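Colleague: With the input below, show me the fold.
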Amino acid sequence: MNEEAADTARLVEMEIPDIAATEALAQRLAPLLRPRDIVALSGDLGAGKTAFARALIHTLGEPDMEVPSPTFTLVQTYDVSSFEIWHFDLYRLESPQDAFELDIEEAFAAGVSLIEWPEKLGSHMPRTRLEIQISFADTPSARHIKITGSGDWVTRLKPLQNV
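Modeller: Take a look at the predicted model:
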């Protein structure tokens, strides 16, 4: 086992029936977030990454706040609770270095970073993070979700392990 795998653990894996269950999972995760957390949201186009991020932001902010997809702006920020959430969509990034123009280092240093298409960061993606992979399941509305984490996420996510 390599060093990175040694401090990373599969924490939660589940099939969920629909988008409402995806949103409910995001609502349960939201209170566990702390400044400097990085949440990597990966999965196929249309699998529910933005819906997950939107539900999480609504939970920490105001339920009726506008939370547009950052598909074209690449980043949106939200002041919630005691920190700022940076929601990145890196799908259109041409190179990992382009993320620095989005002030991603500032997000990593102080806020909570929700990153769709984290693989676009390449080696710039911080090692300590929570990874949420959302993929299509057997029925059109169902999804398969796998959550893995490193660092203190292994203990922080215990409440979600009984979902």
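
Colleague: could you pull out the helices for this structure?
Modeller: For the chain, applying DSSP state H gives helices covering 3-6, 19-29, 49-60, 104-110, 153-156.

Colleague: Columns mean pLDDT on top of the ones you listed, output as TSV?
Modeller: Compiled in TSV, the helices of the chain are given as follows (pLDDT from 0 to 100):
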stretch	mean pLDDT
helix 3-6	43
helix 19-29	93
helix 49-60	95
helix 104-110	94
helix 153-156	83
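
Colleague: Pick the most buried one from those.
Modeller: helix 49-60 (a mean of 22; mean count of other CB atoms under 10 Å). Yep, even glycine has a C-beta here, placed from its N, CA and C like the rest.

Colleague: Take that helix, keep the C-alpha atoms, and write them as PDB.
Modeller: Listed next in PDB are the C-alpha coordinates belonging to helix 49-60 (Å, rounded to 0.1, in the frame of the first residue of the first chain):
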ATOM      1  CA  LYS A  49     -22.400  17.400  -8.400                       C
ATOM      2  CA  THR A  50     -23.900  20.800  -8.700                       C
ATOM      3  CA  ALA A  51     -27.200  19.700  -7.000                       C
ATOM      4  CA  PHE A  52     -25.100  18.300  -4.100                       C
ATOM      5  CA  ALA A  53     -23.100  21.600  -3.800                       C
ATOM      6  CA  ARG A  54     -26.200  23.700  -4.100                       C
ATOM      7  CA  ALA A  55     -28.000  21.800  -1.200                       C
ATOM      8  CA  LEU A  56     -24.900  22.000   0.900                       C
ATOM      9  CA  ILE A  57     -24.600  25.800   0.400                       C
ATOM     10  CA  HIS A  58     -28.300  26.300   1.100                       C
ATOM     11  CA  THR A  59     -28.000  24.300   4.300                       C
ATOM     12  CA  LEU A  60     -25.200  26.600   5.600                       C
END
